[in-house]
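Peer 1: Have a look; sequence and predicted model below, questions after that.
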Amino acid sequence: KAGVTQTPRYLIKTRGQQVTLSCSPISGHRSVSWYQQTPGQGLQFLFEYFSETQRNKGNFPGRFSGRQFSNSRSEMNVSTLELGDSALYLCASSRDSTNEKLFFGSGTQLSVL
Amino acid sequence: AQSVTQLDSHVSVSEGTPVLLRCNYSSSYSPSLFWYVQHPNKGLQLLLKYTSAATLVKGINGFEAEFKKSETSFHLTKPSAHMSDAAEYFCVVSDSGYSTLTFGKGTMLLVSP
C-alpha cells in the first residue's frame, strides 16, 4: 500500500512568485492536513480538508490556500512568496474525520530566494 | 486553547541506557495526546497515543508514555536506547474532536555508541 506522496520533493522559487504543492493521500483516506515546519517555529497547522471541504484553518495569511479534489488528492498554493515562507511543507492523511492517526508524507522543501 | 511544551530541545544518551523525553501540556478539554517521531528526511510517524483509556500507553519500538493529569505531563520513555532511535520526537495535543493538533517544538534524541 503506497504511503502519502508529496511532489515535488524540493522547490526553489524567488520572492513574489507563486507555488503549488501536491499531496496524494493513502488510498481510501479522505482527510488531508497541511503543516509548515521551520527550525524556529516548529510544526504549524495550515489547514485541513475532508471530502473536498476545508474543515479547519490555521493562523496563516490569505496568501496560503488549498483545495481537495474528489479523489482526495490535495494541493496547496502560496502566492506572492516571501523569504519567510522557506520551510518544509508536510502533508498528512487520515482515514476519516477523526484524525486520530495521521500518516505523513516526506514533505516538500521550499526555498525562497 | 491548547499548548504543548517539550522541556528539552536535545537529549543525549548512550546506547543501552534509558530514554526520557519530557512533555507538559495545557488543554481546556479532556485532551488526546500523541508522540510522533521524525527520522532525517522522512515524514512523521505515530509512536503512541493516549485517548482517556489506560494512563500508561505502550507504543511501537519499545516506547511508552504515562499520562499524569495532576502534573499535566505525558513523558515518553524507553528502557534501553538503540542507535536507530536517534531522531526528533514531537509531543502533540488535540481536543476531543481531533480537529486541530498542536505540536510541541520537538526534542532531538542523540544516541552515542
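Peer 2: Arrived safely.

Peer 1: Which single residue of chain B ends up nearest chain A?
Peer 2: B:Gly43 (3.2 Å; Cβ to the nearest Cβ). To be clear about C-beta, it is placed using only N, CA and C from the backbone, and glycine gets the same treatment.

Peer 1: Roughly how far does the nearest residue to that residue once chain neighbours are set aside sit from A:Leu90?
Peer 2: For B:Gly43, ignoring the flanking residues on the chain, the nearest one in space by Cβ to Cβ, 6 or more residues apart in numbering or on different chains is A:Phe104 at 3.2 Å. Distance from A:Phe104 to A:Leu90, counting by Cβ to Cβ, to the nearest Å: 6 Å.

Peer 1: Between the two, which contacts overlap?
Peer 2: Contact criterion Cβ atoms under 8 Å, 6 or more residues apart in numbering or on different chains; residues shared by A:Phe104 and A:Leu90: B:43-44.

Peer 1: picking that back up, does the residue of chain B closest to chain A touch A:Val4 like I think?
Peer 2: Yes. Shown here, B:Gly43 and A:Val4 form a contact pair, counting by Cβ atoms under 8 Å, at 6.8 Å.

Peer 1: hang on, the earlier thing: who has more neighbours, A:Phe104 and A:Leu90?
Peer 2: A:Leu90 (24 against 21; other Cβ atoms under 10 Å in any protein chain shown).

Peer 1: what helix or strand is the more buried one on?
Peer 2: Using DSSP states H and E, A:Leu90 sits within strand A:87-94.

Peer 1: Identify the neighbouring strands of that strand in the sheet and state each direction.
Peer 2: Strand pairing for strand A:87-94, determined by DSSP bridges: strand A:31-38 (antiparallel), strand A:103-104 (antiparallel), strand A:108-112 (antiparallel).

Peer 1: what's near enough to touch A:Leu21?
Peer 2: A:6-8, A:11, A:75-78, A:89, A:91, A:108, A:110.

Peer 1: Could you dump those into CSV with neighbour count and pLDDT added?
Peer 2: Putting those into CSV (neighbours: other Cβ atoms under 10 Å in any protein chain shown; pLDDT from 0 to 100) gives the following:
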residue, neighbour count, pLDDT
A:Gln6, 23, 97
A:Thr7, 11, 96
A:Pro8, 12, 96
A:Leu11, 15, 96
A:Glu75, 17, 98
A:Met76, 23, 97
A:Asn77, 13, 98
A:Val78, 25, 97
A:Tyr89, 23, 97
A:Cys91, 29, 95
A:Thr108, 21, 96
A:Leu110, 20, 97
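
Peer 1: related to what we said a few turns ago, identify the contacts common to B:Gly43 and A:Val4.
Peer 2: A:92, A:103-105.

Peer 1: which among the residues you listed gets closest to chain B?
Peer 2: The nearest one, if we look at these relative to chain B and count by Cβ to the nearest Cβ, is A:Phe104, at 3.2 Å.
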